[in-house]
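Trainee: please find the sequence and the predicted model below.
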Amino acid sequence: MSADCIFFRIISGEVPGDFVYTDEEMIAFRDINPVASTHILLVPREHIASVQDLRPGQENLMGRIIFRARELAEQEGIASRGYRLVVNCGPEGGQVVPHLHVHLIGGRRLNDKMG
Ligand code: 5GP
């Protein structure tokens with residue numbers, strides 16, 4: 001856990017977020033630099049640096065985050081058209097913020113590029 005981490009600061013309330021969902025386990029808020037009309041970040045409150053830092057016992061956390069992304073896609077009105085869930089991991093995976101998060105992106109046809 002680090003006060004330098006922007007998501008830690010959003011979770012702690014020090015930095016405001018445009019929240020679309022919160023519970024005791026996770027928060028979801030709009031990305032500050034959206035790449036589509038819907039671009040939401042789903043973030044566990046517990047500090048987990050990346051997918052690579054998940055420990056045994058945390059498998060279901062990721063399942064619940066993905067299930068919540070599904071619900072948010074419905075709420076955003078993009079579920080039937082389709083959307084993309086992205087989890088960047090580590091420097092070569094394009095992860096910039098060192099706190100695990102899932103991107104929910106949709107509202108336009110996304111390109112086919114996977115990197
Ligand atoms: P990553 O590249 O680590 O997978 O994604 C980090 C995401 O966090 C980026 O899409 C970036 O726009 C977003 N982001 C970075 N700083 C902030 C912030 O202060 N507020 C919000 N809402 N999003 C942020």
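Mentor: Received the coordinates, thanks. Worth saying up front: this structure is predicted, and the values here are computed from it rather than measured.

Trainee: mean confidence score for the biggest helix by length in the chain?
Mentor: Criterion DSSP state H: the longest helix present in the chain is helix 59-76. For helix 59-76, mean pLDDT is 97.

Trainee: try stretch 104-115
Mentor: Stretch 104-115 comes out at a mean pLDDT of 92.

Trainee: that one vs the ligand: in contact?
Mentor: No - if you take CB under 6 Å from any ligand atom as the test, stretch 104-115 misses the ligand, and the best it gets is 9.3 Å. Quick note: C-beta positions are derived from backbone N, CA and C, even for glycine.

Trainee: buried ones in that stretch, by neighbour count?
Mentor: If you call a residue buried by 16 or more other CB atoms under 10 Å, then stretch 104-115 has these buried ones: Leu104, Ile105, Gly106, Gly107.

Trainee: in which helix or strand would I find the first one?
Mentor: In other words, Leu104. Leu104 belongs to strand 102-106 when assigned by DSSP states H and E.

Trainee: who are the packing partners of that strand?
Mentor: For strand 102-106, the elements it packs on are strand 38-44, helix 59-76, strand 83-86, judged by 3 or more CB pairs under 8 Å, 6 or more residues apart in numbering; DSSP states H and E.

Trainee: report how many residues lie close to Ile6.
Mentor: Close neighbours of Ile6, defined as other CB atoms under 10 Å, add up to 16.

Trainee: same for the longest helix of the chain, what does it pack against?
Mentor: Applying 3+ CB pairs under 8 Å, 6+ apart, we find helix 59-76 packed against strand 19-22, strand 26-30, strand 38-44, strand 83-86, strand 102-106.

Trainee: columns distance to Glu71 on top of the ones you listed, output as CSV?
Mentor: CSV is the format used below for those (distance: least, CB to CB, whole Å):
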stretch, distance to Glu71
strand 19-22, 8
strand 26-30, 10
strand 38-44, 10
strand 83-86, 12
strand 102-106, 10
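
Trainee: and those strands: which comes nearest Phe8?
Mentor: Across the helices and strands packed on helix 59-76, Phe8 has its closest neighbour in strand 38-44 (9.6 Å, CB to CB).
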